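Q: Quick one: sequence plus predicted model below, questions after.
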Amino acid sequence: MKNSLILLYGVLSYIVFFVAFLCSIGFVGNLVIPKGIDAGIESGFTVSIIINLLLLSLFAIQHTIMARPAFKKWWTSIIGSAMERSTFVLLTSLILLLIFWQWRPMTGIIWEVQNETLALVIHGVFWLGWLIVLLSTFMINHFHLFGLDQVFNNFKNRPPTGLNFTEKFFYKFVRHPIMTGFIIAFWATPVMTTGHLLFAAVTTAYIVIAVKYFEEKDLRNEIGDAYVKYEKRVPMLIPFTKFGKSE
């Protein structure tokens, strides 16, 4: 019964993640969902900046702390290894939904592409970014990344299969293609508003800092020399550049 409940918890957490992922596309792209990044009642420039930065900071703090090995070790000792990833995914997804719900639009225009063909190309790049995100998760083990592997194997009394260190496909060109995809999706818009620019700039800065100073350190400790050599060969986020390569 306990293992069945843990499995149910993991599946529900994944469903919440999937909803949050779809809402992310709709929010950033002002598509389908009623509360896009430029939709809603404006609250004044200063108030909007403060609220929006607090929302993004909440995500950054939760995501950074809960992703660290020391926290995982402590947290796993309380809730067990099978539920650890699902809980991280669930809380991350709920915070994302909170951001989308409480985001204050700032609709001043920074740039607006008038050419219809160019606007269509930019929309294509937007969708390409999200496709890179999704495909990249399957290249390393999508179901482990979002907790399903752990709860299912726990249900079957088997050890989790784990994430795969790979240099295949997108990982030949950048070390963190999931993050590259997010950055592309966040910036690819034919109409850049002040609020969208704030969102894109802050999330991009967080991605660079979190990857460079936290995640890369954890990966070096976990994988060892193979990852150190990988860092020297493959750029961190921008393909065909030296950005993030170690000396």
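A: The structure has been received and is ready for your questions.
Q: what packs against the helix ranked longest in the chain?
A: What stands out as the longest helix in the chain, according to DSSP state H, is helix 2-29. Helix 2-29 is packed against helix 81-102, helix 116-140, helix 148-155, helix 177-187, with contacts defined by 3 or more C-beta pairs under 8 Å, 6 or more residues apart in numbering; DSSP states H and E. Every C-beta, even on glycine, is put in place using the N, C-alpha and C of the backbone.
Q: Could you rerun that using 6 Å?
A: Applying 3 or more C-beta pairs under 6 Å, 6 or more residues apart in numbering; DSSP states H and E, we find helix 2-29 packed against helix 81-102, helix 148-155.
Q: ok now the very next helix or strand once past that helix, how far from the chain's centre?
A: Sequence order places helix 45-66 as the next helix or strand after helix 2-29, per DSSP states H and E. When distances are taken as C-alpha atoms, centre = their mean, to the nearest Å, helix 45-66 is centred 15 Å away from the chain's centroid.
Q: Show me what counts as buried in the helix or strand just after helix 45-66.
A: Next helix or strand after helix 45-66 toward the C-terminus (DSSP H and E): helix 69-79. For helix 69-79, the neighbour count (16 or more other C-beta atoms under 10 Å) marks 72, 75 as buried.
Q: tilt between helix 69-79 and helix 45-66?
A: Helix 69-79 and helix 45-66 are oriented at 70 degrees to each other (axes from the mean of the first three to the mean of the last three C-alpha atoms, to 10 degrees).
Q: Residues in contact with helix 69-79: which ones?
A: 65, 84, 218 (C-beta atoms under 6 Å, 6 or more residues apart in numbering).
Q: Under the pLDDT cut-off, which ranges of the protein? List them.
A: 247 (pLDDT under 70).
Q: Which of the contacts of helix 69-79 has the largest number of neighbours?
A: Most neighbours among the contacts of helix 69-79, by other C-beta atoms under 10 Å: residue 84, with 20 neighbours.
Q: Measure how buried residue 25 is and give me the count.
A: Residue 25, neighbours per other C-beta under 10 Å, totals 17.
Q: And the one 3 residues further on, by the same measure?
A: The number of residues packed around residue 28, counting by other C-beta under 10 Å, is 24.
Q: and the nearest residue to residue 141 once chain neighbours are set aside, what is it in contact with?
A: In this structure, residue 141 finds its nearest non-sequential neighbour in residue 163, 5.1 Å apart by C-beta to C-beta, 6 or more residues apart in numbering. By C-beta under 6 Å, 6+ apart, the contact list for residue 163 reads 140-141, 144.
Q: Now do residue 115 against residue 153, distance only.
A: Residue 115 sits 51 Å away from residue 153, going by C-beta to C-beta, to the nearest Å.
Q: Looking at these two, which is more packed in?
A: Regarding residue 115 and residue 153, a neighbour count based on other C-beta under 10 Å identifies residue 153 as having more, with 17 against 10.
Q: and the gap between the more buried one and residue 76?
A: Residue 153 sits 15 Å away from residue 76, taking C-beta to C-beta as the criterion.
Q: How about residue 18?
A: Distance of residue 18 to residue 76, computed by C-beta to C-beta: 24 Å.
Q: And residue 200, by the same measure?
A: Distance, residue 200 to residue 76, by C-beta to C-beta: 34 Å.
Q: ok, now residue 137?
A: Relative to residue 76, residue 137 is positioned 22 Å away (C-beta to C-beta).
Q: Touching, residue 188 and residue 127? I think so.
A: No. Using C-beta atoms under 6 Å, residue 188 makes no contact with residue 127, being 8.5 Å away.
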